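> Test case, fold it:
(one chain, ligands or ions: 1)
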Amino acid sequence: MRSPIKTLLSSALVAALAGLTACGDNTATTDATVETPVAAQDSSDVVDGEMVTVSRAGDWMSYGRDYSEQRYSPLDQITPDNINELSLAWFGDLAERGGSYETTPVVADGRIYVTSPWSKVYAFDARSGELLWKYDPKVPGEWAVRLCCGIVNRGVGVWKDMIIWGTLDGRLVAVKAATGEKVWEVQATDRDLWLSITGAPRIANGRIFIGEAGSEFHQRGYVAAYDVENGKELWRWWSVPGDPSLGFEQPELEMAARTWNGEWWKTGGGGTPWDAVVYDPVTDLVYIGTGNGAPWPAEIRSPGGGDNLFTSSIVALDASTGQYRWHYQATPQDSWDFDNTQQIVTADLMINGEQKHVLMQAPKNGVFYVIEAATGNVISADLFVPTANWMNGFDEKFRPILNPDANYGAFGDRGFHVVPSAGGAHSWHPMAFNPDTGLMYVPTNYSSFPLVAEAGAKMGNQLLSINVGKRPQEAAPQLEGAGSYLLAWDPVKKAPAWEQRQGGSRSGVMTTAGNLVFQGTADATFSAFRADTGEKVWTAPTQTGIVGGSVSYEVDGEQYIAVVAGQSGFGGSYWAPNYARLLVFKRGGNATLPEMISYTPPVLNPPENFGDAQLLAQGEQHYNEHCASCHGNNGRVSSMFPDLKYAAALNTPELFKAIVIDGALQNNGMVSFREHLSPEEADSIRAYVVSLANEAKNNPPPAFGRGAPPPPPPAPAGTAAKATTPELHN
Ligand code: CA
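Model prediction:
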């Protein structure tokens, strides 16, 4: 049903259709000639004889809206012809900072739920914007050090009258939707391991499906199903084999183990499925995307080669039992942080005159896949960015032919600039598929990333075996058309339909039956484009950047558009005011955002330089190893935490030691480094940061680290600052 004939559905008709639609039947027709779009109907699961609504046309009941994860709303009141009337209806302030708001709002039964940094949940009245409740699962602050990519959460799941989500410290929490009162809570991970949950749970037939993050900390990936009534684990599927001498939990892991060399289990192997986990009612399968191998260079992780199954793969599992059904490995022998965890979308496409039920994915490695859902047979695999240099094409079975030069782990200091970058041609930022246009809208990034392998080297706290202090010997490639943009991709023609670079950004995408595509855009705006042509038709100021996905819903017969704005580091400084908000728009809305806050950036006030060149070099090394992933270095990693050049503690050795060694700021997420640093080594870091602070003070505009570009100036009051795009790799 690629191009269903659309009916104009009023709320009343939708309600009437709900009565006509058999349980779980997505193909009701209203008469002989008019076919109702799947998304426009209610759909239900039946569990123990009880019918549970899982998708409703006027709601947005799960992370990707419904099981297909198309992020296509059937609401069509708002169109390119009237979008000039779209304006702010209400907004809700969100207090947390220190991480970006990656959440997609979830809307059900007149309430809208968003998650925030530190895995907190807010519930608002979807019509009035009244805050109904807020739940804080009290994630310990020191958990921040166990995260590769920010204090983030992507959203909640809904089941009957419960709201369910995962926490950074690996718990699942269920609360009453109306009140936020806790129903149950379980620990889904071993708390001694460095595993976290950032993804949104998907819930189907009474089972919660969710995976964990942590490849960058040498963990071993798994996805599991939990009973929605009590959180009890029903099954678990490991994505990489453990120590063979201990036996294998699943029969296919014996096969997978033959694709590894050396003692891979000592570094966990990776493969953590931290985002995409999709239930397909057509096949009764769950599709998961697995993470990169750990550590990053394949040659260090698995000396002498091997595909390293099931890293960087799509895997299909039986939804009831978790048994393996099929897999496709998108990136064998991954060395480039090519997580294959990106969004998986199911759809029915007409391909060569034949209707196919497929899944689609546009993962980090730059290839757009169309795969037959029931079998895993690849129908097509095509680059959706202009070039990629990790491979040289595909064989007849769509196995990528790897570029031998890209195996930088075998080449010492030679290194390699990988294209697309480790951050991905497309990462977790939601894409959207519109069945009316037949196009997938992908927030795309085309760039390169420098990689030099060194066994045991860390990037901040992350165990990557990448030396961030070194650069590849060859210069970075000059990429024509590099940057971030919105791409409309035709999965049948296997070609781009249009590109939109006007204000394009790495930000989630949503599409509607009103021929619209919504996306957060650069310079703190939220914009809409025509779905068929890409023409920009509307924009609204948001005062901070947007990274997550937007949604559309209907209350009292009126269509709303909702999105959370809140980008960590926006405004160029940790100290910039927090403008994180849930923003809700409708035609004729008459709310206005408050004036932006005037703020004075902190002043550099370091003590005099101290220490000789040797001490400074030592300090720089320790800084890069232990501090840089949170506090920034050389523009390589975004600063989500205070810029230490401004720290008052630089002036007091005792205070600096109390923080770094004794953990005085542990509750803020600044853990004690007693196990990693001696007090003398900590003071060498102070000497290094003091030298940077004096360098910046004497050479304004300040540059962080050596050779770094100057950071953007702080936002003057009343204007929007340009985002410092985080180079988070995930
Ligand atoms: Ca990764």
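> so how far is Ala497 from the spatially most central residue of the chain?
For the chain, the residue lying nearest the average C-alpha position, counting by C-alpha atoms, centre = their mean, turns out to be Trp428 (3.2 Å). With distances taken as C-beta to C-beta, to the nearest Å, Trp428 is found 23 Å from Ala497. Any C-beta I mention is one placed from the backbone N, CA and C, and that applies to glycine too.
> ok, now Asn377?
In this view, Asn377 and Ala497 are 25 Å apart by C-beta to C-beta.
> do the same with Tyr441
Using C-beta to C-beta, we find Tyr441 at a distance of 10 Å from Ala497.
> related to what we said a few turns ago, and the residue nearest to the residue nearest to the centre of the chain when sequence neighbours are not counted, what are its phi and psi?
Distances taken as C-beta to C-beta, 6 or more residues apart in numbering place Asp275 nearest to Trp428, at 5.1 Å, with adjacent residues excluded. Note on Asp275: backbone dihedrals following degrees, to the nearest 10 are phi -140, psi -80.
> Arg154 is in contact with Asp275, correct?
Yes. Contact criterion C-beta atoms under 8 Å: Asp275 and Arg154 qualify, at 7.3 Å.
> Arg236 looks like it's in a helix, true?
No. Secondary structure of Arg236 (DSSP: H, G, I helix; E, B strand; the rest coil): strand, not part of a helix.
> Specify the local secondary structure of the nearest residue to it once chain neighbours are set aside.
Take Arg236 and drop its neighbours on the chain: the residue closest to it by C-beta to C-beta, 6+ apart is Ala224, 4.3 Å away. Recorded secondary structure, Ala224: strand (three-state DSSP).
> can you count the residues close to Ala224?
Residues lying near Ala224 (other C-beta atoms under 10 Å) number 22.
> and what of Ala497?
By other C-beta under 10 Å, 18 other residues sit near Ala497.
> Secondary structure element for it, which one?
Here Ala497, judged by DSSP states H and E, is contained in strand 495-500.
> For that strand, give me every contacting residue.
382, 384, 437, 439, 485-490, 529, 533-534, 536 (C-beta atoms under 8 Å, 6 or more residues apart in numbering).
> What is the nearest of those to the ion?
Phe384 (19.8 Å; C-beta to the ion).
> Hmm, Ser119 is touching Gly166, no?
Yes. If you go by C-beta under 8 Å, Ser119 and Gly166 touch, sitting 7.2 Å apart.
> who's more crowded, the two?
Gly166 (30 against 27).
> Who is the more buried one paired with across the strands?
For Gly166, the beta-bridge partners under DSSP bridges are Leu172.
> For the stretch 51-200 of the chain, which residue gets nearest to the ion?
Closest contact between the stretch 51-200 of the chain and the ion, by C-beta to the ion, is at Cys148 (6.6 Å).
> Please verify my assumption that that residue contacts Asn730.
Yes. Contact criterion C-beta under 8 Å: Cys148 and Asn730 qualify, at 6.8 Å.
> which residues sit in contact with the residue nearest to Trp428?
154, 198-199, 211, 289, 339, 341-343, 428.
> residues in contact with stretch 684-693?
Residues from elsewhere that reach stretch 684-693 (C-beta under 8 Å, 6+ apart): 604, 606-611, 615-616, 618-620, 622-623, 626-627, 644-647, 650, 653, 656, 660, 677, 704-705.
> hmm, back to that, can you check which residues contact both of Tyr441 and Ala497?
488-489.
> residues near Tyr222, how many?
22.
> circling back: tell me if the residue of the stretch 51-200 of the chain closest to the ion really is in a helix.
No. Cys148: not assigned to a helix; according to three-state DSSP it is coil.
> Quick check: the gap between it and Gly481.
28 Å.
> Flag the shaky bits of the stretch 601-730 of the chain, pLDDT-wise.
Applying pLDDT under 70 to the stretch 601-730 of the chain flags the ranges 629, 633-640, 700-729.
> switch to 80 and redo it
When residues are selected by pLDDT under 80, those of the stretch 601-730 of the chain lie in 601, 624-625, 628-642, 667-669, 700-730.
> before we move on, the earlier item: residues of the strand holding Ala497 that come out buried?
For strand 495-500, the buried set under the neighbour-count rule, 16 or more other C-beta atoms under 10 Å, comprises 496-498, 500.
> mind checking the longest helix of this structure?
Ranked by residue count under DSSP state H, the longest helix found in the chain is helix 679-698.
> OK, now which residue of the stretch 601-730 of the chain is nearest to the ion?
For the stretch 601-730 of the chain, the residue closest to the ion is Asn730, as judged by C-beta to the ion, at 5.2 Å.
> repeat for the stretch 101-250 of the chain
Distance from the ion to each residue of the stretch 101-250 of the chain (C-beta to the ion) is smallest for Ser215, at 5.4 Å.
> And that residue, its phi and psi?
phi -50, psi -40.
> Find the nearest non-adjacent residue to it, please.
With C-beta to C-beta, 6+ apart as the criterion, Ser215 has its nearest non-adjacent residue at 3.5 Å, and that residue is Gly270.
> Test my guess that that neighbour contacts Asn292.
Yes. Between Gly270 and Asn292 there is a contact at 5.6 Å, judged by C-beta under 8 Å.
> residues shared between the contacts of the two?
215, 311.
> Buried subset of the contacts of stretch 684-693 as a PyMOL selection?
Command for PyMOL that selects the buried part of those, burial taken from 16+ other C-beta under 10 Å:
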select buried, resi 604+606+611+615+616+618+619+620+622+623+626+627+644+645+646+647+650+656+660+677+704+705
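> Which members of the contacts of stretch 684-693 occur in helices, if any?
615-616, 618-620, 622-623, 626, 653, 656, 660.
> residues from the stretch 251-400 of the chain in reach of the ion?
By C-beta under 5 Å from the ion, the residues of the stretch 251-400 of the chain that approach the ion are 292, 337, 339.
> Touching, the first one and Pro273? I think so.
No. Because the distance of 11.2 Å does not satisfy C-beta under 8 Å, Asn292 is recorded as not touching Pro273.
> Let me see the contact set for the residue of the stretch 351-500 of the chain found nearest the ion.
Residue nearest to the ion within the stretch 351-500 of the chain: Ala422 (7.6 Å; C-beta to the ion). By C-beta under 8 Å, 6+ apart, the residues touching Ala422 are 336-338, 364, 449, 451, 729.
> what helix or strand does it sit in?
Per DSSP H and E: Ala422 is located in neither a helix nor a strand.
> If we ignore the residues flanking it in sequence, what's nearest it?
Asp337 (3.8 Å).
> So for Ala204, what's the nearest residue that isn't a sequence neighbour?
Nearest non-adjacent residue to Ala204, counting by C-beta to C-beta, 6+ apart: Tyr279, 3.9 Å away.
> what is the one you found paired to in the beta sheet?
On the basis of DSSP bridges, Tyr279 is bridged to Val286.
> With Ser55 instead?
Ser55 has the following beta-bridge partners by DSSP bridges: Ser43.
> Per-residue pLDDT of it, please?
For Ser55, the model assigns a pLDDT of 96.
> list the contacts for Thr444?
Contacts of Thr444 (C-beta under 8 Å, 6+ apart): 362, 384-385, 425-426, 484-487.
> Show me the residues you listed that map onto strands.
Among those, the members falling in strands (DSSP state E) are 484-487.
> Phe209: what's it in contact with?
Residues in contact with Phe209 (C-beta under 8 Å, 6+ apart) are 201-203, 223-225, 277, 279, 286, 288, 319.
> List the beta-bridge partners for it.
Arg202, Ala225.
> any idea how far it lies from Lys176?
From Phe209 to Lys176 the distance is 22 Å (C-beta to C-beta).
> Now the contacts of Phe209 in CSV, please, with extra columns for distance to Gln567 and pLDDT.
CSV is the format used below for these (distance: C-beta to C-beta, whole Å; pLDDT from 0 to 100):
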residue, distance to Gln567, pLDDT
Pro201, 24, 98
Arg202, 25, 98
Ile203, 28, 98
Val223, 29, 98
Ala224, 31, 98
Ala225, 33, 98
Val277, 25, 97
Tyr279, 30, 98
Val286, 31, 98
Ile288, 28, 98
Ala319, 35, 98
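> related to what we said a few turns ago, which of the buried residues of strand 495-500 are close to the ion?
For the ion, no contacts are drawn from the buried residues of strand 495-500 by C-beta under 5 Å from the ion.
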